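In: only geometry, no sequence info:
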């Protein structure tokens, strides 16, 4: 980061806000100060609310695929109603949001080994319009952040 700054570049840090956006912002800005580095900061999902990448992704799924998430939400509602004898305390834990995104992709993609590889985080195509609505209003804050910081100096 120091080298990038020294060479006139801009460091961009995009991080999950997690449960407390203000605490996360304070934590990262303290690191900025501690190490004397410069960077512009954006906290996912939208730089205003607590959350993570998965929250952003959930808000930009292709509208045609919403029924997949509706099924998932039904699954979560039913899961918390279950009482498993010998398991305490009820209710059962609902899967993490990462699992929900994985489930979405698994439901969408086919069953071949090659198609299953597309589900893995390292192989995901976040620009695939069949999966994600990159024109979603929800991406406005992130797009604005990137546009402000990645403008071509020649324009």
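Out: Nice, I can see it. The structure displayed is predicted, hence computed values, not measured ones. Numbers count the residues shown, from 1 in each chain.
In: residue contacts, the residue nearest to residue 57 when sequence neighbours are not counted?
Out: By the measure of CB to CB, 6 or more residues apart in numbering, the closest residue to residue 57 outside its immediate chain neighbours is residue 101, 5.5 Å from it. C-beta coordinates here come from the backbone N, C-alpha and C atoms, glycine included. Neighbouring residues of residue 101 by CB atoms under 8 Å, 6 or more residues apart in numbering: 54, 57-58.
In: what's the burial count for residue 44?
Out: Residue 44: 23 surrounding residues under other CB atoms under 10 Å.
In: find the nearest non-adjacent residue to residue 109, please.
Out: residue 115 is the one closest to residue 109 (CB to CB, 6+ apart), at 4.5 Å.
In: for that neighbour, what are phi and psi?
Out: When read as degrees, to the nearest 10, the backbone of residue 115 gives phi -70, psi -40.
In: circling back to that earlier point, top of the contacts of residue 101 by neighbour count?
Out: Within the contacts of residue 101, most neighbours by other CB under 10 Å means residue 57, with 22 neighbours.
In: so which residues make contact with the strand or helix carrying that one?
Out: For residue 57, the element it lies in under DSSP states H and E is helix 53-59. Helix 53-59 has contacts (CB under 8 Å, 6+ apart) with 16, 44-46, 49, 69, 97-98, 100-101, 126, 132, 136, 138-139, 142.
In: buried ones among those residues?
Out: 16, 44-46, 69, 100-101, 132, 139, 142 (16 or more other CB atoms under 10 Å).
In: out of those residues, which are inside helices?
Out: 69, 100-101, 142 (DSSP state H).
In: show me where this structure has helices.
Out: For the chain, the helices defined by DSSP H cover 2-6, 21-35, 53-59, 66-81, 97-108, 113-117, 140-150.
In: to residue 12, which of those lies closest?
Out: Comparison of the helices of the chain against residue 12 by CB to CB identifies helix 140-150 as nearest, at 5.6 Å.
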